[in-house]
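Visitor: Sequence and computational prediction follow.
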Amino acid sequence: MSTSNASRIIHCCGLIAWMFALPLGYAQESSDQDEFRRLYAQLRGLMETDLDQAREFVEAKVSEAPDSIDRQILRDGLASRFQEEDRDREATEQLRKLLDFQIRRVNVAENQLGLWMTLRSLRESASSQDYAAAVLEAYAALAAVAENSDDPRTTFPLSRLAVMKAQVLAEKGDNDEARKLVEGSVQQLIELNRSDQADEETAQMLLSMLRSLTSEDPHNDLWREECIESMDACASAAIEKYPSSIPIQNAYAETQWMMITRWGQDDPEGTEQRIELVSKKLNPLALRNRSLQGILRRIRAHQERMEAAKPAESLVGKPMPDWDIEAWVNVPEMNQDAFQGKVVLIDFWAMWCGPCIATFPHLKQWREEFGESGFEIVGVTQYYNFAWDDLNGRASRADDDVAPEEEQETLRKFLEHHQLSHPVFVTPKESEMSSEYGVRGIPHVVVVDREGTVQLIRTGAGEQTAKEIYAKIKELLQP
């Protein structure tokens, strides 16, 4: 049984449930599937009753056939249970043994992809130092194989390890080396997709890597914007080349959905044009692809919200609309009147929004510079079903429903993580406040003078936008 198939059994949700489909060449069959299922069923039973016995079982079965990938992968299932029980040292021990096996036999295609999956699990239990060392070791081993291989499939697992290595380098402060590695790895996959070896599988490899590089992981801040542009272009090129491919259709649709809702929002007119083009392309394909039908419904709903928003320019020079407060996240309860007589910057934002996060340094700088002169920032956000991951210190979209109180706590931890101390509140789920303030995209900033009159509205996170906001704050604070 392949590493990918075994891992799907070990984890109900699958270790390789990344956004874009696993390249087709890695889905292989094996005559040992029934044997693996039998062994894993035994392991699962032992894990329910006695983890120490489960560990002895795994060691015994691996000793009987130390070169068996299926038996070695049992360690991953055991490690997962150790992690659930907060027995991180034992989880790390099992994963390290699995990783050592995969490195020793890194010439086997299944182990090449397995390296990445094992490192993902290892990150949850190992110390940052041990995790970093493991990533560098695994990358070096696979890079040596790839250097002497003509198999394009080797490029895919190497690209996944390249992302991990770049993030490790960024965490160490080696930003230039990290950028160089990312740029080189992305370019290698782009060139592969321009070569005679290009096919649907290599296109999926490229899109999968770019998705990793544009995630909300803070280490991606160094290259996220550049990779967003590449992902948009590559997804569009892939669907033109492989229009009947369901995985490519889904990859394109998800990319465009994110461009519409996250990264293209500082240009409402451009976003409207993108919606029109994307809908025209996806509507015929959606007849045979239910995933596209769901994405198109989301796009239409987003378009309706954009159309319902007041024109931003119509608000300038008028009293600011009332606030719709469900709960303050990081300060005691108060009302809008508490800010009378101050110049207020109202910041509409979200935890998932990369451009919003990019504005945080400016927000902190402005509050520090002008806070004692009658200036305040008020953050406004809404519920997105996000939960806090204590282990990795980050917020992420949850699969299950998140209670409002829990998401409020997630917001508080998120603000604390980013060292933001200005007041932030969350609006009710059916609130019209965003529309009342002309919000078509985020970050969306509204600057209000001491009399409560709207003086400036800007959307986006560019440096020019920041300069205009700064100048307006300074002007309004003058005696």
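Guide: Nice, thanks for sending it over. Please read these numbers as outputs of a predicted model, since none were measured by experiment. Numbers count the residues shown, from 1 in each chain.
Visitor: ok, residue 437 to residue 356 distance?
Guide: Distance, residue 437 to residue 356, using C-beta to C-beta, to the nearest Å: 15 Å. (Glycine included, C-beta is placed from N, CA and C.)
Visitor: Sorry, wrong one. I was asking about residue 291.
Guide: Between residue 291 and residue 356 the distance is 27 Å, computed by C-beta to C-beta.
Visitor: Then residue 174?
Guide: Counting by C-beta to C-beta, the gap from residue 174 to residue 356 is 27 Å.
Visitor: of these two, who's got more company?
Guide: residue 356 (22 against 14; other C-beta atoms under 10 Å).
Visitor: Residue 168: how many residues sit nearby?
Guide: Using other C-beta under 10 Å, residue 168 is surrounded by 20 other residues.
Visitor: So it lies in a helix, does it not?
Guide: Yes - when DSSP: H, G, I helix; E, B strand; the rest coil is applied, residue 168 is found to be in a helix.
Visitor: how far does stretch 465-473 sit from the chain's center?
Guide: 30 Å (C-alpha atoms, centre = their mean, to the nearest Å).
Visitor: tell me the mean pLDDT over it?
Guide: The pLDDT scores in stretch 465-473 average 94.
Visitor: same deal with stretch 294-309?
Guide: The average of the pLDDT scores along stretch 294-309 is 84.
Visitor: list the buried ones in it?
Guide: The neighbour-count check on stretch 294-309 (16 or more other C-beta atoms under 10 Å) flags 295-296, 299, 302-303, 306, 309 as buried.
Visitor: Now distance to residue 202 too, for those, in CSV please.
Guide: Conversion of the buried residues of stretch 294-309 to CSV gives the following (distance: C-beta to C-beta, whole Å):
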residue, distance to residue 202
295, 24
296, 27
299, 28
302, 32
303, 34
306, 36
309, 41
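Visitor: Just the closest of those residues to residue 379, please.
Guide: Of all the buried residues of stretch 294-309, residue 379 sits closest to residue 309, with 18.8 Å by C-beta to C-beta.
Visitor: so what's that closest one up against?
Guide: Counting by C-beta atoms under 8 Å, 6 or more residues apart in numbering, residue 309 touches 434-435, 438-440.
Visitor: what would the residues you listed look like in a markdown table with distance to residue 43?
Guide: Listed next are the contacts of residue 309 as a markdown table, based on distance: C-beta to C-beta, whole Å:
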| residue | distance to residue 43 |
| --- | --- |
| 434 | 50 |
| 435 | 54 |
| 438 | 57 |
| 439 | 51 |
| 440 | 52 |
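Visitor: Low-confidence ranges, the stretch 301-450 of the chain, go.
Guide: 391-392 (pLDDT under 70).
Visitor: cutoff 90 now
Guide: 301-314, 352-358, 384-402, 429-430, 435, 438-442 (pLDDT under 90).
Visitor: Quick one: the helices in it, in order.
Guide: Taking DSSP state H, counting those that start in this stretch as the criterion, the stretch 301-450 of the chain carries its helices at 354-358, 360-370, 404-417, 433-436.
Visitor: What segments of the stretch 201-350 of the chain are strands?
Guide: In the stretch 201-350 of the chain, the strands defined using DSSP state E, counting those that start in this stretch lie at 327-328, 343-348.
Visitor: Return the most buried member of the ones you listed.
Guide: Most buried of these by mean neighbour count (mean count of other C-beta atoms under 10 Å) is strand 343-348; its value is a mean of 23.
Visitor: And it, what does it pack against?
Guide: For strand 343-348, the packing partners by 3 or more C-beta pairs under 8 Å, 6 or more residues apart in numbering; DSSP states H and E come out as helix 360-370, strand 375-381, strand 444-448, helix 463-476.
Visitor: winner for burial among those?
Guide: Neighbour counts (mean count of other C-beta under 10 Å) averaged over each of the helices and strands packed on strand 343-348 peak at strand 444-448, with a mean of 24.
Visitor: what angle sits between it and strand 375-381?
Guide: 140 degrees (axes from the mean of the first three to the mean of the last three C-alpha atoms, to 10 degrees).
Visitor: What's the first helix or strand after strand 444-448?
Guide: strand 454-459 (DSSP states H and E).
Visitor: just checking, residue 421 touches residue 329?
Guide: No - Residue 421 is beyond contact range of residue 329, at 11.3 Å (criterion: C-beta atoms under 8 Å).
Visitor: the more surrounded of the two?
Guide: residue 329 (19 against 16).
Visitor: That one touches residue 411, doesn't it?
Guide: Yes - counting by C-beta under 8 Å, residue 329 does reach residue 411; the two are 4.5 Å apart.
Visitor: Need the overlap of contacts for the two.
Guide: Common neighbours of residue 329 and residue 411 (C-beta under 8 Å, 6+ apart) are 424, 426.
Visitor: Quick check: of the buried residues of stretch 294-309, which lies closest to residue 261?
Guide: residue 302 (5.9 Å).
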